[in-house]
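*Asks:* curious how this folds, go ahead:
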Amino acid sequence: MGFFGEIFKELFSGNNLAILGAALATVLPGIGSARGVNLVAKATAGLISEDPNKYGKSMLLQALPMTQGIYGMVAAFLIMIGSGIMGGTAALTTAEGGYYLFAALPIAFGGMYSAIKQGEVAAAGISVLAKRPDAVGKAVISASFVELYAILALLISLLLIL
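*Replies:* Coordinates of the predicted model:
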């Protein structure tokens, strides 16, 4: 094996692949959550500029897209613990590390996408809150439906990790 073969072998070691999986499980849903919360926060800013008393009711809609980032962190912790990386005892084969990487993908991509889409639905819910404050519960329920897909993605990742 030549110089580049050795670099390739080290770069794509089992431990590094598991770490990449944990990183993707954290970063991608985190990006999605940040984007989703941003969408709702912008809509909320418009709402409270007209009626500051509605801020309290808007908080749940703002918080909903944050959960995907939390789900990603849970999956990442379980990867680090299960693989032995967190305890410093990991000596994973490339296949084992690759398995953890692929186990992270459902929550990584499912969490990112659902957080953004949930933010869009929740931002629309801010419009409901502006016009019909008594119907805000319906807006929360609508945004919660999108959450189901993040939960399913987390479930698949957890079943694969555990």
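*Asks:* and whichever strand or helix holds Ala22, what does it pack onto?
*Replies:* Per DSSP states H and E: Ala22 is located in helix 14-50. On a contact count with 3 or more Cβ pairs under 8 Å, 6 or more residues apart in numbering; DSSP states H and E, helix 14-50 meets helix 55-63, helix 67-83, helix 94-131. Placement of C-beta: from N, CA and C, glycine included.
*Asks:* buried ones in the last one, by neighbour count?
*Replies:* Right, the one you point to is helix 94-131. Neighbour-count burial for helix 94-131, counted by 16 or more other Cβ atoms under 10 Å, picks out 96-101, 103-126, 128-130.
*Asks:* do the same with the shortest one
*Replies:* Burial within helix 55-63, assessed by neighbour count using 16+ other Cβ under 10 Å, is assigned to Lys57, Ser58, Leu60, Leu61, Gln62.
*Asks:* got it, and stretch 69-88?
*Replies:* Neighbour counts over stretch 69-88 (16+ other Cβ under 10 Å) mark Gly69, Tyr71, Gly72, Met73, Val74, Ala75, Ala76, Leu78, Ile79, Met80, Ser83, Ile85 as buried.
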